[in-house]
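Engineer: any chance you can model this:
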Amino acid sequence: MIHFFENPSNIVYAVQSVDSLSQEDISKLNWLFGNAKKLEQQTINRYFVGPRAAMITPWSTNAVEITQNMGIKGLIRIEEFHPVSEDFEDYDPMISQKYAALTQEMYTINITPEPIKEIDDIDAYNKSEGLALSAEEIDYLNNLSKKLGRKLTDSEVFAFSQANSEHCRHKIFNGTFIIDGEEQPTSLFKLIKKTSETNPNEIVSAYKDNVAFIQGPTVTQFAPKSADKPDFYAEKDFESVLSLKAETHNFPTTVEPFPVPLPVREVKSVTV
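Structural biologist: Numbers count the residues shown, from 1 in each chain. This next block holds a predicted model:
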């Protein structure tokens, strides 16, 4: 069941719930949506731009949690929709969708999963799908197919290709290096770590849990003398550590509610 609320700015909030809403819940939602008013119609025949139907936004997740803290139970999804003209096209189709009407079925997605596809020619599939598998990797997959006694599926080949993404090159970084037939004593990752091992300077922790810590300044903290009972506040000095972390591949995505567009680029490959 979907309930529509419209505020003075004509923004419509589509609230999906398990059951009907009580008058108390309606009053709370009217306040939450900025002096909105619950609309009685089941369908709103106007043009709107809002989130894609198949994509529950982080905003919705936060909004539903807020309503739970307000004592409103049974809400599944809340999204906001902005009114537009029929010929409006200035929106990002990657994350937004234009609706000719808001209906009771607007959140209903009827998608049938595609059947599993067996790959006859892994080399051709690699080229057609742009998987960037090397000749050695294709040979490995062909030999694996013979060993298993069956053809590999499209999901298996695709999953294998993702193991070589810019963030998952551990099979190379931690792999054994053999140069001119002679196995080298250190892997590429060990060579990378050797820099901080040779010159640790003020590094407290590195290459662990995807974050690094360096020694920070002495900081004066104003806090209670004890944490397990009410106590007086006092100043206390302690040696701080600073965490360093820079990620680019996690945002912007639908699972990152606060995307930060850092001017950082990842190195995708190194040729020696």
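Engineer: find the least confident helix or strand in this protein, judged by mean pLDDT.
Structural biologist: Across the helices and strands of the chain, mean confidence by mean pLDDT, DSSP states H and E is lowest for helix 170-173: a mean of 68.
Engineer: could I get the full set of helices for the chain?
Structural biologist: Applying DSSP state H to the chain gives helices spanning 23-32, 58-69, 122-129, 135-148, 154-162, 170-173, 188-198.
Engineer: so what touches the fourth one?
Structural biologist: Helix 135-148 is contacted from outside by 122-123, 126, 133, 151-152, 157, 160, 164, using Cβ atoms under 8 Å, 6 or more residues apart in numbering. Quick note: C-beta positions are derived from backbone N, CA and C, even for glycine.
Engineer: could you do the first one as well?
Structural biologist: Contacts to helix 23-32, defined as Cβ under 8 Å, 6+ apart, come from residues 3, 5, 13, 15, 21, 36-38, 66-67, 70-72.
Engineer: using JSON lines, lay out these together with pLDDT and neighbour count.
Structural biologist: Shown next, in JSON lines, are the contacts of helix 23-32 (pLDDT from 0 to 100; neighbours: other Cβ atoms under 10 Å):
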{"residue": "3", "pLDDT": "96", "neighbour count": "21"}
{"residue": "5", "pLDDT": "97", "neighbour count": "21"}
{"residue": "13", "pLDDT": "97", "neighbour count": "22"}
{"residue": "15", "pLDDT": "97", "neighbour count": "26"}
{"residue": "21", "pLDDT": "94", "neighbour count": "18"}
{"residue": "36", "pLDDT": "95", "neighbour count": "20"}
{"residue": "37", "pLDDT": "95", "neighbour count": "13"}
{"residue": "38", "pLDDT": "96", "neighbour count": "18"}
{"residue": "66", "pLDDT": "95", "neighbour count": "13"}
{"residue": "67", "pLDDT": "95", "neighbour count": "19"}
{"residue": "70", "pLDDT": "94", "neighbour count": "13"}
{"residue": "71", "pLDDT": "94", "neighbour count": "9"}
{"residue": "72", "pLDDT": "95", "neighbour count": "20"}
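Engineer: poorly predicted segments of the stretch 51-200 of the chain, please.
Structural biologist: Residue ranges of the stretch 51-200 of the chain with pLDDT under 70: 164-171.
Engineer: repeat that for 90
Structural biologist: Per-residue confidence for the stretch 51-200 of the chain (pLDDT under 90) gives these ranges: 54-55, 92-95, 108-114, 130-134, 158-181, 183-197, 199-200.
Engineer: rewinding a little: ok, which pair from the contacts of helix 23-32 is furthest apart?
Structural biologist: Of all pairs drawn from these, the greatest distance, 20.8 Å, lies between 37 and 71 (Cβ to Cβ).
Engineer: on that earlier part again, export the helices of the chain to TSV and tack on distance to residue 89?
Structural biologist: Listed next are these as TSV, based on distance: least, Cβ to Cβ, whole Å:
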stretch	distance to residue 89
helix 23-32	31
helix 58-69	23
helix 122-129	30
helix 135-148	42
helix 154-162	33
helix 170-173	43
helix 188-198	47
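Engineer: go through these and name the closest to residue 228.
Structural biologist: Nearest of those (Cβ to Cβ): helix 58-69, 27.3 Å.
Engineer: put the alpha carbons of the closest one into PDB.
Structural biologist: Presented in PDB, the C-alpha positions along helix 58-69 are these (Å, rounded to 0.1, in the frame of the first residue of the first chain):
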ATOM      1  CA  PRO A  58      20.000   5.700   1.100                       C
ATOM      2  CA  TRP A  59      17.700   8.600   1.700                       C
ATOM      3  CA  SER A  60      14.800   6.200   2.000                       C
ATOM      4  CA  THR A  61      16.700   4.000   4.400                       C
ATOM      5  CA  ASN A  62      17.400   6.900   6.700                       C
ATOM      6  CA  ALA A  63      13.800   8.300   6.400                       C
ATOM      7  CA  VAL A  64      12.300   4.900   7.300                       C
ATOM      8  CA  GLU A  65      14.600   4.700  10.300                       C
ATOM      9  CA  ILE A  66      13.600   8.200  11.400                       C
ATOM     10  CA  THR A  67       9.900   7.200  11.300                       C
ATOM     11  CA  GLN A  68      10.700   4.100  13.400                       C
ATOM     12  CA  ASN A  69      12.300   6.400  16.000                       C
END
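Engineer: right, I'll call it a day here.
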